[in-house]
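A.B. asks: Show me how the following folds:
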Amino acid sequence: MVHPRDRRARLLETGMALASELSLPVLLQRIVELAAEITGAGYGALGVIGPGGDLVDFLTTGITDAERAAIGPLPRGRGLLGALIEDARPLRLDELSRDPRSAGFPANHPPMHSFLGAPVRARGHVFGNLYLTEKSDGPDFTVEDEEALITLATQAGIAIANARLHEEVRLRERWLQAVRDTTAAIIAGSEADDVLRRVARSARDLANADIATVVTPDSGDVMRISIAEGAHAEKLEGLPVSMTGSVSADVIRSGRPVVLDDPLTDRRAQKAVLDLGLIGPTLVVPLTVRGAPYGTLAVLNLSGGRRFDAEDVRLVESFAVQASLGLDYSRRPRAHRQGTP
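C.D. replies: Okay, here's the model as predicted:
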């Protein structure tokens with residue numbers, strides 16, 4: 001058991017350490033690990049809440065990568081996880097299964113009994129929740145554990161707000177640079193495929209995605225993945241995509257983006273892509289040429305990866321505009337591109 005004086009000292013050290021970390025992904029993982037360490041929890045998680053109230057990311061400690069992959073897609077925030085989302089107050093339980101809000105665990109999930117949770121607020125809003133289970137040095141979490149977690153959650157909220165401000169500035173700078181580079185390539189007369197590859201690479205990078213693809217018309221009723229960047233790129237590039245019944249077909253027809261949390265449960269997902277395995281959350285936006293539907297730009301994460309949110313949609317759509325400009329420009333006669341009468 002941690003001595004109260006040692007715990008207070010550790011929390012002071014933790015506050016300073018968190019405040020100095022400006023990389024949001026690194027910070028979030030560190031928060032989970034510190035929460036488990038300070039409370040003596042065997043397992044810990046930080047669920048990040050998206051605009052719709054669902055969990056869009058779920059960082060863990062105490063579970064191996066293999067165990068996490070075996071468990072499957074990220075939780076959406078139902079059951080007890082959802083209880084903390086709906087009622088953002090600390091929650092301490094001796095036995096998870098006895099709470100009527102408990103929804104049980106998916107297959108391959110390690111058994112868990114004792115539970116401690118607390119909200120993390122940043123900029124006046126609930127950013128997410130800390131979830132801890134399996135007290136290691138006693139049967140149950142204590143009042144002192146709860147107080148320590150509340151203190152850590154407060155420190156974490158301040159650190160997250162600082163890191164997000166820093167990340168937003170850096171993301172804006174990187175986005176502007178990517179737009180400048182793509183615009184310069186378009187004006188220089190780069191081939192359409194070169195522009196599209198540059199756009200896909202930038203979208204993948206700035207959306208922190210594992211994969212980016214561009215789907216364009218091929219012949220007849222078939223489109224193809226003409227550009228692929230990231231994981232499985234060499235297997236994805238060139239795969240056919242149906243003009244009917246596919247996600248890309250629906251996006252082209254509607255002109256609106258589609259976000260899939262789990263493509264395995266969506267009948268429109270392409271079997272050839274799913275057969276590669278481990279494909280997870282997917283975001284697909286339309287490409288247009290002079291206002292007419294042409295193809296799609298997509299970013300994907302591997303199974304168990306972060307879900308895409310409204311900010312990701314806006315970001316990827318901005319790159320789709322760049323791709324559309326490149327396609328339009330490449331189709332103009334060279335004399336017109338150079339401004340020759």
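A.B. asks: so where do the strands sit in the stretch 201-341 of the chain?
C.D. replies: Under the criterion DSSP state E, counting those that start in this stretch, the stretch 201-341 of the chain contains strands at 211-219, 222-230, 240-242, 258-260, 279-289, 292-302.
A.B. asks: Which one, of these, ends up nearest to Gly47?
C.D. replies: Each of those was scored for nearness to Gly47 using Cβ to Cβ, and the closest is strand 279-289 (15.1 Å). C-beta here means a position set from N, CA and C on the backbone, and glycine is covered the same way.
A.B. asks: can you give me the mean pLDDT across the closest one?
C.D. replies: Average pLDDT, strand 279-289: 90.
A.B. asks: Mind giving me the packing neighbours of that strand?
C.D. replies: Helices and strands touching strand 279-289, by 3 or more Cβ pairs under 8 Å, 6 or more residues apart in numbering; DSSP states H and E, are strand 211-219, helix 247-254, strand 258-260, strand 292-302, helix 310-331.
A.B. asks: Which of the ones you listed sits closest to Gly53?
C.D. replies: Across those, closest to Gly53 is helix 310-331 (Cβ to Cβ), at 12.4 Å.
A.B. asks: That closest one versus strand 222-230: what angle between them?
C.D. replies: 120 degrees (axes from the mean of the first three to the mean of the last three Cα atoms, to 10 degrees).
A.B. asks: these two touch, right, Ala153 and Val120?
C.D. replies: Yes: applying Cβ atoms under 8 Å, one finds Ala153 in contact with Val120, separated by 4.8 Å.
A.B. asks: just to revisit the earlier point, which of the helices and strands packed on strand 279-289 is buried the deepest?
C.D. replies: Mean neighbour counts were taken over these using mean count of other Cβ atoms under 10 Å, and the top value, a mean of 23, falls to strand 292-302.
A.B. asks: ok and that strand relative to strand 222-230, angle-wise?
C.D. replies: Per the same axes, to 10 degrees, the angle that strand 292-302 makes with strand 222-230 is 40 degrees.
A.B. asks: Sheet partners, orientation included, of strand 292-302?
C.D. replies: Paired with strand 292-302 in the same sheet, following DSSP bridges, are strand 211-219 (antiparallel), strand 279-289 (antiparallel).
A.B. asks: Please work out the average pLDDT along the shortest one.
C.D. replies: This means strand 211-219. For strand 211-219, mean pLDDT rounds to 89.
A.B. asks: what's the angle from it to helix 247-254?
C.D. replies: Counting by the same axes, to 10 degrees, strand 211-219 lies at 70 degrees to helix 247-254.
A.B. asks: Other residues contacting strand 211-219?
C.D. replies: Strand 211-219 is contacted from outside by 196-197, 199-201, 203-204, 223-233, 236, 240-241, 248, 279, 287, 294-302, 323, using Cβ atoms under 8 Å, 6 or more residues apart in numbering.
A.B. asks: picking that back up, which residues do Ala153 and Val120 both contact?
C.D. replies: By Cβ under 8 Å, 6+ apart, Ala153 and Val120 have these common neighbours: Leu130.
A.B. asks: Who has more neighbours out of those two?
C.D. replies: Neighbour count, other Cβ atoms under 10 Å: between Ala153 and Val120, Val120 has more, with 26 against 22.
A.B. asks: for Leu132, what are its contacts?
C.D. replies: Leu132 touches Ala35, Ala36, Thr39, Ala41, Tyr43, Gly44, Ala45, Phe115, Leu116, Gly117, Phe141, Leu149, counting by Cβ under 8 Å, 6+ apart.
A.B. asks: What count of nearby residues applies to the fourth one?
C.D. replies: So the one you mean is Ala41. When neighbours are counted by other Cβ under 10 Å, Ala41 registers 27.
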